[in-house]
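Q: Next input, structure requested:
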Amino acid sequence: MTLRPVTQFAAPASLAVLMAVACSVTGVQVSLGDKPSVAAGAGGNFDPPDAAAAQSGGTFAQTGGGGSLGVEPDPNTSCPVGTETTVSGTVYDPAGMLPLYNAVVYVPATAGELPAFAPGVACEKCTESLRAKTVALSGADGKFLLKDVPAGRVDLVVQLGKWRRRQTITVTPCQDNPLENEDLTRLPRTRAEGDIPKIALSTGHSDALECLLRKIGIDDSEFTTASGGGRVSMFVGCQGDNNGNFGANKFADRLGGQAFPSTNQLFDSGTLNQYDVVIFSCEGHKCDTIQTPANVAQLVEFENKGGRVFLDHDHYNWLNHATAPIKSAAQFDSGPAIIQSPLTTQINTAKFPKGAAFAEWLQNVGASTKLGELAIYAAKSSVQSLSPNRAQSWIYRDQDPTGFFYFTIGTPVAVQDTDPIPDACGRVVFTDLHISKSDGGNAKDFSDQDTPFPDGCTNSVLSPQEKALEFMLFDLASCVQKESSTPTTPPIIK
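A: Sure thing, here's the model as predicted:
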């Protein structure tokens, strides 16, 4: 399988006049509620694409998420019977490496700036309308096909939740226009390229989810303290707990050397609702010093308002310490369990369309050799049972009904065990998969107090279960629907 196509699209010579309308446009700075963005490519891991690469697939200019290029279609295009004007391509993660499922691709309905996302936590339902001329969803292979596309110079937007990036392309009428350069259809790496959800990440000694965010393509310039303006705010969890170990707690000198504030400050400062996503990386213990009744109540309120929360292994205690009804979504057992490694697990596809797409996606990206199975290393076994009207299992162990390794909760949850599954605003993820020991059981990426970030991120290759976790992170960020439903394109207003 080829994940990074490079073949360029060549326009027929007879269309040279039409293609000549394209022009070069400089990038536009955007502000997403923080300080103004920096120039694209500044201070990060990735070099900006060269001009030649940016022209693949008929595209002659690009812009960030808040520019004002607008739509300049040809209103007089009339295609012969049996032909139509389409745009096809594949949506990629910010790194431009892995295809993404369930991303929205569209041509905006009007010229001018895209409407800004409201800052802070919000209820983002998939039924909300979108102002667009045409819209499509990416499939389990990341591919999309936009139909009835205006000919000429138009904006193309790729969006997944509050991830959003806009490019400008030139569309040749009455044929398909394949976008074969992954740089045209990937999500942004920096604020200068587009919109990125505001993420709070709490480091942990037993896992290194901050390294996974770098691997999916978020630029180093976006990792800052809360006051630094980056889209990923770094906190250190559980300092002072009895085990004496905690995650990375400062930046390397080349990134400024600042110390991370304690995760308690995320709650004490009253700024939790300024974030879209909160990620808790595993501590190796239950982190009781953070999970006070007041902090747990704040987190539940955040989830119910539309917040997205990623709980890694021992952070199940956030659910254990909560009150009903979300506490009833899952039952946990902290007792040690000896689990073989690697362990073959199953993907839940029964009456679960997103689970079926997940299974296909794992095969498409080379993470699974058999449809519906995933081999994982260093698995934990924390989950004993799930409430069927409050939680959705994704990865489980066959022949053991208590072996759940990944599930999601739509929030707010059903009050009674017999209540139907309600419409949700937010989403909670729980995983018993780690990345630190995801490659044959040998830790490559790690997080501890003696190693400044990102020096513990030593591996650039995603293991199969890291790929599974990437899928989870982007699903967590996507618009919210009932998990049992099949994703559909949003209704559009032209």
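
Q: Pretty sure K327 sits in a helix.
A: Yes: using DSSP: H, G, I helix; E, B strand; the rest coil, the assignment for K327 is a helix.

Q: what about the residue nearest to it when sequence neighbours are not counted, neighbour count?
A: For K327, the nearest residue in space outside its immediate sequence neighbours is L319; the separation is 6.1 Å by Cβ to Cβ, 6 or more residues apart in numbering. Quick note: C-beta positions are derived from backbone N, CA and C, even for glycine. For L319, the tally of surrounding residues (other Cβ atoms under 10 Å) stands at 24.

Q: SS state for L319?
A: Classification of L319 by three-state DSSP places it in helix.

Q: For it, give me the pLDDT.
A: Listed pLDDT for L319 reads 88.

Q: Distance of it relative to S328?
A: 9 Å (Cβ to Cβ, to the nearest Å).

Q: Direction included, what does whichever strand or helix holds L311 pair against?
A: For L311, the element it lies in under DSSP states H and E is strand 308-312. With DSSP bridges as the test, strand 308-312 is paired with strand 277-280 (parallel), strand 426-431 (parallel).

Q: Apart from its chain neighbours, what residue comes closest to N459?
A: K444 (3.9 Å).

Q: I figured the one you found hits T458, correct?
A: Yes: at 5.5 Å, K444 counts as touching T458 under the criterion of Cβ atoms under 8 Å.

Q: neighbour count winner among those two?
A: More crowded of K444 and T458, by other Cβ under 10 Å: K444, with 19 against 13.

Q: would you put the C-alpha positions of the biggest helix by length in the chain in PDB?
A: Identified as the longest helix of the chain according to DSSP state H is helix 464-477. Extracted as PDB, the C-alpha positions of helix 464-477 are listed here (Å, rounded to 0.1, in the frame of the first residue of the first chain):
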ATOM      1  CA  PRO A 464       0.700  -1.000  15.100                       C
ATOM      2  CA  GLN A 465      -0.900   0.000  18.500                       C
ATOM      3  CA  GLU A 466       0.400   3.600  18.200                       C
ATOM      4  CA  LYS A 467      -1.500   3.700  14.800                       C
ATOM      5  CA  ALA A 468      -4.600   2.500  16.600                       C
ATOM      6  CA  LEU A 469      -4.100   5.200  19.200                       C
ATOM      7  CA  GLU A 470      -3.800   7.800  16.500                       C
ATOM      8  CA  PHE A 471      -7.100   6.700  15.100                       C
ATOM      9  CA  MET A 472      -8.600   7.100  18.600                       C
ATOM     10  CA  LEU A 473      -7.200  10.600  19.000                       C
ATOM     11  CA  PHE A 474      -8.700  11.900  15.800                       C
ATOM     12  CA  ASP A 475     -12.000  10.100  16.500                       C
ATOM     13  CA  LEU A 476     -12.000  11.800  19.900                       C
ATOM     14  CA  ALA A 477     -11.600  15.200  18.200                       C
END
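
Q: Packing partners of that helix?
A: Applying 3 or more Cβ pairs under 8 Å, 6 or more residues apart in numbering; DSSP states H and E, one finds that helix 464-477 contacts helix 209-215, strand 308-312, helix 353-364, strand 373-376, strand 404-411, strand 426-431.

Q: now the angle from it to strand 426-431?
A: 170 degrees (axes from the mean of the first three to the mean of the last three Cα atoms, to 10 degrees).

Q: Starting from the next helix or strand after helix 464-477, tell me which strands it pairs with and how they run.
A: The helix or strand immediately downstream of helix 464-477 is strand 492-493, counting by DSSP H and E. Partners of strand 492-493 in the sheet, by DSSP bridges, are strand 130-137 (parallel).

Q: Show me how far whichever helix or strand comes after the strand it pairs with is from its chain's centre.
A: Counting by DSSP H and E, the element after strand 130-137 in chain order, helix or strand, is strand 143-146. Here strand 143-146 is found 19 Å from its chain centre; the criterion is Cα atoms, centre = their mean, to the nearest Å.

Q: buried sites along strand 143-146?
A: 144-146 (16 or more other Cβ atoms under 10 Å).

Q: do the same with stretch 145-158
A: Result for stretch 145-158 [16+ other Cβ under 10 Å]: buried residues 145-146, 149-158.

Q: average pLDDT for it?
A: Per-residue scores along stretch 145-158 average to 96.

Q: Output it as CSV, restricted to C-alpha atoms.
A: The C-alpha trace of stretch 145-158 is given here as CSV (Å, rounded to 0.1, in the frame of the first residue of the first chain):
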residue,chain,number,x,y,z
LEU,A,145,-14.9,12.3,-3.8
LEU,A,146,-16.4,15.7,-4.1
LYS,A,147,-19.1,16.0,-6.7
ASP,A,148,-20.6,19.0,-8.4
VAL,A,149,-17.5,21.1,-7.8
PRO,A,150,-17.4,24.6,-9.3
ALA,A,151,-14.9,24.9,-12.1
GLY,A,152,-12.1,27.4,-11.8
ARG,A,153,-10.2,28.6,-8.8
VAL,A,154,-11.9,27.5,-5.6
ASP,A,155,-11.1,26.9,-1.9
LEU,A,156,-10.9,23.4,-0.6
VAL,A,157,-11.3,22.8,3.2
VAL,A,158,-10.4,19.7,5.1
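
Q: what pLDDT does S460 get?
A: Confidence at S460, expressed as pLDDT, is 85.

Q: Chain neighbours aside, what residue packs nearest to it?
A: Nearest to S460 is K215, by Cβ to Cβ, 6+ apart, at 6.8 Å.

Q: Could you check how far the one you found is from V461?
A: 8 Å.

Q: between these two, which one's more packed in?
A: Between K215 and V461, K215 has the larger neighbour count (other Cβ under 10 Å), namely 24 against 9.

Q: next one: phi and psi at W394?
A: phi -120, psi -50 (degrees, to the nearest 10).

Q: go on, T168?
A: Taking degrees, to the nearest 10 as the convention, T168 sits at phi -110, psi 130.

Q: how many other residues sit next to it?
A: A count of nearby residues for T168, using other Cβ under 10 Å, gives 23.

Q: now swap in the one 10 residues further on and tell me
A: The number of residues packed near P178 is 19, by other Cβ under 10 Å.

Q: Write down the beta-bridge partners of it, one by one.
A: Beta-bridge partners, per DSSP bridges, of P178: S88.

Q: is it true that it touches G89?
A: Yes: assessed by Cβ under 8 Å, P178 is found in contact with G89 at 6.5 Å.

Q: The residue nearest to S460 against L462, yeah?
A: Yes: assessed by Cβ under 8 Å, K215 is found in contact with L462 at 5.8 Å.
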